[in-house]
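>>> Pasting the sequence and the predicted coordinates here, then a few questions.
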Amino acid sequence: MRTSAFEVASRYVYPALRGRLVKILREKGLRQAEVAELLHITQPAVSRYLRKERGALVELSSFPDLEERLRSLASEIIERRPDEYWIHARLVEITLYGLGRGYFCRFHALIDPELNPDECRVCLELFGR
């Protein structure tokens, strides 16, 4: 294994989750500038997520529980307007939740052909609960 689970999580999974969060907030009728302000990111970053120039390599649609968690997070962000650290912590929690269920093992194997997802249980053992 040349690419660690943490690298996959930080370079691909976390951005995909944040990109989906951006899209959910837009679906709720917020403008790009409002989404940027709520998430403490720039409006150009929001635009890149929406154009799938960032966070688009991991397909999340087959994980309805992740979608549910992101929708709940979006509602809470709109209601509470938390700081960037709180949002980051929630996105990391969702990332670890997905890792612990083995959702990204096949993707990890695409990134790192040396990884055998049928033998690797690192994320399942560390983050599965």
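Good, I have the coordinates.

>>> use CA for all of it now, contacts and neighbours both
Noted.

>>> show me where pLDDT drops low in this structure?
129 (pLDDT under 70).

>>> let's see it at 80
1, 129 (pLDDT under 80).

>>> how about the helices of it, start to end?
5-8, 14-27, 32-39, 43-50, 64-80, 84-100, 105-111, 122-127 (DSSP state H).

>>> Select, out of those, the one closest to residue 58.
helix 14-27 (6.0 Å; C-alpha to C-alpha).

>>> Output the helices of the chain as TSV; include the columns distance to residue 57 and mean neighbour count.
Shown next, in TSV, are these (distance: least, C-alpha to C-alpha, whole Å; neighbours: other C-alpha atoms under 10 Å):
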stretch	distance to residue 57	mean neighbour count
helix 5-8	11	15
helix 14-27	7	21
helix 32-39	21	19
helix 43-50	11	18
helix 64-80	16	15
helix 84-100	15	18
helix 105-111	9	17
helix 122-127	20	16
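
>>> Work out which residue lies at the spatial centre of this protein.
Residue closest to the average C-alpha location in the chain (C-alpha atoms, centre = their mean): residue 17, at 2.0 Å.

>>> Might one say that it is in contact with residue 55?
Yes - between residue 17 and residue 55 there is a contact under C-alpha atoms under 8 Å: 7.4 Å.
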